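Engineer: Return atomic coordinates for the entry below.
(one chain, ligands or ions: 1)
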Amino acid sequence: MIDAAVEQLLLDDPKSYVIPADVVANVTATNTLEHALLVLSKVGYSRIPVLDADDHLQGMISLAAITDKLLHVPGAAVEQLSQYTVADAMLPVEHWVDDPKKLETILNYMVDEPFIPLLNDQNVFQGIITRREILKRVNYLAHNLDNHYTVTALTDEGQLSES
Ligand code: AMP
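Structural biologist: Okay, here's the model as predicted:
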């Protein structure tokens, strides 16, 4: 369980740490891998969502998955990526949340994932929650906890004991 005081500070206005769908770069499963490579290069991210025509999240596409596909193509020329679609290299969606207030889940997933998709109850893509946005909150918390709470050490030395 996240400490209630910490949760209250981190969760202030949860919608503000969601990057809304309309500014999240994405591709469709039917786009060519060449197109996906161009989009990834242009936005400078290593992984972006794959959406269908109704904005349902279908998977993820990453630079690593495209490179891996390319290395299995004889000749390994970038132009050959136009013969493949995003569906040929798409990665499954492992984790998502349906509520930006599910902080404990988000933090657990974020240990391994740089961003967590937010879906509504119809599985329609709403946006993403990124490590950067959460770290900004953690940074604020680290610098301002004693402006909101009185923190008292439980050990005699005022230091955390090793577990
Ligand atoms: P950050 O924490 O800002 O480094 O973002 C973590 C990851 O989230 C990036 O590496 C991208 O995979 C993804 N991401 C962040 N912002 C966007 C965006 N506007 N469009 C698509 N993907 C994004």
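
Engineer: looking at the sheet around the residue nearest the centre of the chain, what are its partners?
Structural biologist: By Cα atoms, centre = their mean, the chain has its centre lying nearest to Phe115, at 0.9 Å. Under DSSP bridges, the beta-bridge partners of Phe115 are Thr130.

Engineer: That one and Arg131 touch, don't they?
Structural biologist: Yes: with contact defined as Cβ atoms under 8 Å, Phe115 counts as touching Arg131 (6.9 Å). C-beta coordinates here come from the backbone N, C-alpha and C atoms, glycine included.

Engineer: Next one, pLDDT for Gly44 please.
Structural biologist: Note on Gly44: pLDDT of 97.

Engineer: oh sorry, the question was meant for Gly158
Structural biologist: Per the predicted model, pLDDT is 56 at Gly158.

Engineer: for this protein, what spans make up the helices?
Structural biologist: 4-10, 33-43, 63-71, 103-110, 131-148 (DSSP state H).

Engineer: Number of residues surrounding Ala87?
Structural biologist: 15 (other Cβ atoms under 10 Å).

Engineer: And it, how far from the ligand?
Structural biologist: 19 Å (Cβ to the nearest ligand atom, to the nearest Å).

Engineer: That residue: what's its closest spatial neighbour, skipping adjacent residues?
Structural biologist: Nearest non-adjacent residue to Ala87, counting by Cβ to Cβ, 6 or more residues apart in numbering: Ala29, 4.2 Å away.

Engineer: ok, that neighbour touching Ala89?
Structural biologist: No: Ala29 is not in contact with Ala89 according to Cβ under 8 Å; the separation is 10.1 Å.

Engineer: out of these two, which sits in the busier spot?
Structural biologist: Neighbours per residue (other Cβ under 10 Å) separate Ala29 from Ala89, with Ala89 holding more: 23 against 16.

Engineer: show me what contacts that one?
Structural biologist: 33, 36, 61, 65-66, 68-69 (Cβ atoms under 8 Å, 6 or more residues apart in numbering).

Engineer: Which of the residues you listed sits closest to the ligand?
Structural biologist: Ile61 (10.2 Å; Cβ to the nearest ligand atom).

Engineer: Kindly report the residues of the chain close to the ligand.
Structural biologist: Contacts of the chain with the ligand, taken as Cβ under 6 Å from any ligand atom, map to 19, 23-25, 43, 45-48, 114-115, 128, 130-132.
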